[in-house]
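*Asks:* coordinates only, no sequence provided:
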């Protein structure tokens with residue numbers, strides 16, 4: 001009787017033909033019960049469900065949704081447009097530079113030479129202290145390199161660049177190489193966490209017009225013209241021959257004929273508007289008070 005040949009192990013086991021599955025048991029169960037979303041919209045809906053089921057908080061949901069939406073956004077969609085950029089002329093005297101820094105409260109300024117399109121560097125506001133201590137110092141020696149990015153630059157990639165270097169501001173250029181605008185790391189982060197509050201920001205439900213201790217009023221630039229008319233008993237027109245305005249900020253800027261700067265004031269319909277704060281070239285807050293009526297009898 002012949003003996004059966006010894007068993008030979010399979011040199012190519014079946015499991016070697018398939019990619020090793022490294023998912024944990026819980027991950028497999030979760031995917032079996034609830035397959036992952038097939039699109040970003042479905043993913044956002046899943047986050048909403050997670051918030052409704054108290055799996056995540058409202059703030060976490062908003063931030064995660066911001067991260068998802070940011071993946072499809074570009075620098076051109078978020079930038080401050082070129083006409084609203086606060087620029088420094090390389091030949092401007094020190095006093096003019098100091099006033100610009102104080103009025104705008106920015107920490108970095110693009111510097112141009114000749115034409116506004118010719119950006120030659122970035123000046124840090126804190127470096128102006130060096131000029132004050134040593135007036136003979138050439139401002140060119142204080143300039144830092146300007147970073148240029150195309151309008152099509154994805155915000156994800158831009159945020160990675162900002163995090164990887166100390167340049168938290170970039171000049172955005174269009175397809176023809178012209179300056180299209182300016183973008184900062186704050187502009188990018190606000191797409192995730194919402195608008196970053198500053199000293200003049202208040203919660204939306206606190207109102208858009210509120211009284212101050214000195215009997216003046218703080219008014220948001222986004223306040224509707226109808227709301228201002230109702231609150232102050234005035235009649236501000238929403239339209240002129242060519243334009244229509246919805247907000248008090250847009251109307252005042254049109255009447256002034258330029259983008260308002262911090263500290264500027266303008267009288268309209270018996271009200272004195274003082275610009276308290278601007279952001280991205282738009283007025284965030286006014287201080288408003290009725291114009292004092294002088295007694296003609298003295």
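*Replies:* Great, that's in hand. As the structure is a computational prediction, the values presented were derived from the model and not from experiment. Residues are numbered from 1 along each chain as shown.
*Asks:* from here on, contacts and neighbour counts on C-alpha atoms
*Replies:* Fine.
*Asks:* and the helices in the chain?
*Replies:* Taking DSSP state H as the test, the helices found in the chain are 14-17, 25-33, 40-52, 58-70, 75-78, 94-104, 128-133, 155-164, 185-193, 225-232, 248-256.
*Asks:* most neighbours per residue, which of those helices?
*Replies:* With neighbours defined as mean count of other CA atoms under 10 Å, these peak in mean count at helix 75-78, which reaches a mean of 20.
*Asks:* output the contacting helices and strands for it.
*Replies:* Where contact means 3 or more CA pairs under 8 Å, 6 or more residues apart in numbering; DSSP states H and E, helix 75-78 is packed against strand 179-184.
*Asks:* pairing partners for the strand it packs on, with directions?
*Replies:* With DSSP bridges as the test, strand 179-184 is paired with strand 80-81 (antiparallel), strand 169-173 (antiparallel).
*Asks:* check the offset of the longest one from the chain's centre.
*Replies:* From the chain centre to the centre of strand 169-173 is a distance of 13 Å (CA atoms, centre = their mean, to the nearest Å).
*Asks:* show residues contacting that strand.
*Replies:* By CA atoms under 8 Å, 6 or more residues apart in numbering, the residues outside strand 169-173 that reach it are 75-76, 79, 108, 146-151, 162, 179-185.
*Asks:* now with 7 Å, please.
*Replies:* With CA atoms under 7 Å, 6 or more residues apart in numbering as the test, strand 169-173 has contacts from 146-151, 179-185.
*Asks:* same check on stretch 112-126?
*Replies:* By CA under 7 Å, 6+ apart, stretch 112-126 touches 88-90, 101, 107-111, 142-146, 178-179.
*Asks:* which of those residues has the weakest pLDDT?
*Replies:* Within these, residue 101 has the lowest pLDDT, namely 81.
*Asks:* could you measure from that residue over to residue 125?
*Replies:* Counting by CA to CA, to the nearest Å, the separation of residue 101 from residue 125 is 7 Å.
*Asks:* which positions in stretch 110-118 come out as buried?
*Replies:* Counting neighbours by 16 or more other CA atoms under 10 Å, one finds that the buried residues in stretch 110-118 are 110-112, 116.
*Asks:* where does the stretch 101-250 of the chain have low pLDDT?
*Replies:* For the stretch 101-250 of the chain, applying pLDDT under 70 flags the ranges 193-207, 212-214, 239-243.
*Asks:* out of the contacts of stretch 112-126, the closest to residue 49 would be?
*Replies:* Residue 49 has its nearest neighbour among the contacts of stretch 112-126 in residue 107, at 40.9 Å by CA to CA.
*Asks:* count of residues packed around the closest one?
*Replies:* Close neighbours of residue 107, defined as other CA atoms under 10 Å, add up to 12.
*Asks:* hmm, back to that, which among the contacts of stretch 112-126 end up buried?
*Replies:* For those, buried by 16+ other CA under 10 Å: 88-90, 101, 108-111, 142-144, 146, 179.
*Asks:* how far does stretch 102-120 sit from the chain's center?
*Replies:* On the basis of CA atoms, centre = their mean, stretch 102-120 sits 18 Å off its chain's mean C-alpha point.
*Asks:* and it, how far apart are its ends?
*Replies:* End-to-end distance of stretch 102-120 (CA to CA): 22 Å.
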